[in-house]
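Engineer: Quick one, structure for this:
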Amino acid sequence: MYCIAEFQKVKSNAKITVMADHNLRQHLSVADKKRIDPARMHLNKVLANPLNVNTRSAKSVLKSFQAHWKDKEIAIKKDSVLLIDMVITTSPEFWGDNWHQNGAITPETRKKLEEWVAVQMDFVGRQLGPDAIKFAVLHLDEKTPHIHLMLSPEETKTLKYKNQYGTQERTVNSLNANRWNPNFWKKFVTAHAKANAHLGLKRPIKGSTAEKISNREFTERVKQAETDDYKKIIDELVADFVKDLGLLNTKTQVKELFLSRVYPRLQILVKNNFALKKLVQTNREKEYAVLDRLKERAEKEIAKALAQQTHYGKGLKTIADLRNENRNLRAENNMQKSVITSQAKKIIELERARTVENAGAGQAGRKIKLDK
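Structural biologist: Numbers count the residues shown, from 1 in each chain. Next up, the predicted model:
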């Protein structure tokens, strides 16, 4: 079970109003209406409201922020990050299937909920500063309890400067979200997991697909994963493997190809499938059966290719034929080397005989000359 914290930058007044509509359940979109249970809407609870926002009017949220910026003399630049929109939630199974009944929270869940909310609010306050939380609301009218927070990146700095009167100081208020960079949020997520460890929650898997997405998109992805045609994906996987078989693949090379090209993708399928099963608590026996069949099918394909010593291709010779040709060429080459060696030996012997013959003829000529 995971503790989840999603966050995104807000740079426009229009986006703030959209957030307010959702957080206060005003002017809901079609997608919101599908997710939200009107019978539990009264359970939602405002956790923090230091700006005294009128919770019955979404427009009052933007007006309250603008009044706050003016009062604090905060200069707003064109590209300033006005707010950080944060959502804190958990894996659905943390609450179970029966955490609410007949439009009310069960007694067991209420105690668990109070502890969870206290941990989240205390953690965010310590990490970002208590003044950063400008509005927070607990939503209990959707599938999983979650907290929406509107965080202000305002920062107070003391600037020193010199003039004719000496060294002077001036306090400046600004919106500075640069200090909350990606590295900061990575540490935030890790620290968040530690703060929730005693509740049985842990950090989302590093390097997974758990990027920042909305609850709506998250729901859509779960539905898509449940309906994906795994058999089609697996067939494409095997087809790619067959295409990648090399002309002269040995058993070792085929194994290496399988481990490098097919096995990693199989691992991803299995891990994603397992994660989805844990997430939505559904039965995935059919998908695992398909993966088992894939493994068996791949092993048969490899065994067949090695047994036949053939390559999947058009107009290509078999590996066995090429090996025979290579063996015949080596034998012919060795025979030619043997003939050349034999001829070389004969030539050397002839040269030696000619040398000896010439030497004998020369000695005979000198003897005749002396006798005269």
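Engineer: pLDDT score assigned to residue 167?
Structural biologist: Looking at residue 167, its pLDDT reads 77.
Engineer: Find the residue closest to it in space, skipping its chain neighbours.
Structural biologist: residue 160 (6.1 Å; Cβ to Cβ, 6 or more residues apart in numbering). Just so you know, the C-beta spots here come from the backbone N, C-alpha and C atoms, and that holds for glycine as well.
Engineer: repeat for residue 174
Structural biologist: Once flanking residues are discounted, residue 174 sits nearest to residue 155: 5.7 Å by Cβ to Cβ, 6+ apart.
Engineer: Against residue 26, how distant is the one you found?
Structural biologist: Taking Cβ to Cβ, to the nearest Å as the measure, residue 155 falls 31 Å from residue 26.
Engineer: Outline the domain layout of this structure.
Structural biologist: Following automatic domain parsing, one gets these domains for the chain: 3-153+181-222, 229-308.
Engineer: residues in contact with residue 104?
Structural biologist: Residue 104 makes contact with residue 43, according to Cβ atoms under 8 Å, 6 or more residues apart in numbering.
Engineer: Can you report phi and psi for it?
Structural biologist: Backbone torsions for residue 104, taken as degrees, to the nearest 10, come to phi -140, psi 160.
Engineer: per-residue confidence averaged over the strand or helix carrying residue 334?
Structural biologist: Using DSSP states H and E, residue 334 maps to helix 319-371. Here helix 319-371 scores 72 as its mean pLDDT.
Engineer: sorry, back to before: give the pairing partners of the host helix or strand of the residue nearest to residue 174; include direction for each.
Structural biologist: Using DSSP H and E, residue 155 falls within strand 154-163. Paired with strand 154-163 in the same sheet, following DSSP bridges, are strand 166-175 (antiparallel).
Engineer: in stretch 67-79, what's buried?
Structural biologist: Neighbour-count burial for stretch 67-79, counted by 16 or more other Cβ atoms under 10 Å, picks out 69, 74.
Engineer: contacting residues around it?
Structural biologist: Stretch 67-79 has contacts (Cβ under 8 Å, 6+ apart) with 11, 51, 82, 134, 154, 173, 174, 175.
Engineer: Tell me how confident the model is about it, as a mean pLDDT.
Structural biologist: Throughout stretch 67-79, pLDDT has a mean value of 87.
Engineer: Helix, strand or coil: sort out residue 85 for me.
Structural biologist: Under DSSP: H, G, I helix; E, B strand; the rest coil, the three-state class of residue 85 is strand.
Engineer: Check the spacing between it and residue 292 real quick.
Structural biologist: 44 Å.
Engineer: residues near the closest residue to residue 80 other than its chain neighbours, how many?
Structural biologist: Leaving aside its chain neighbours, residue 80 sits nearest to residue 175 (4.7 Å; criterion: Cβ to Cβ, 6+ apart). Residue 175 is flanked by 18 other residues according to other Cβ atoms under 10 Å.
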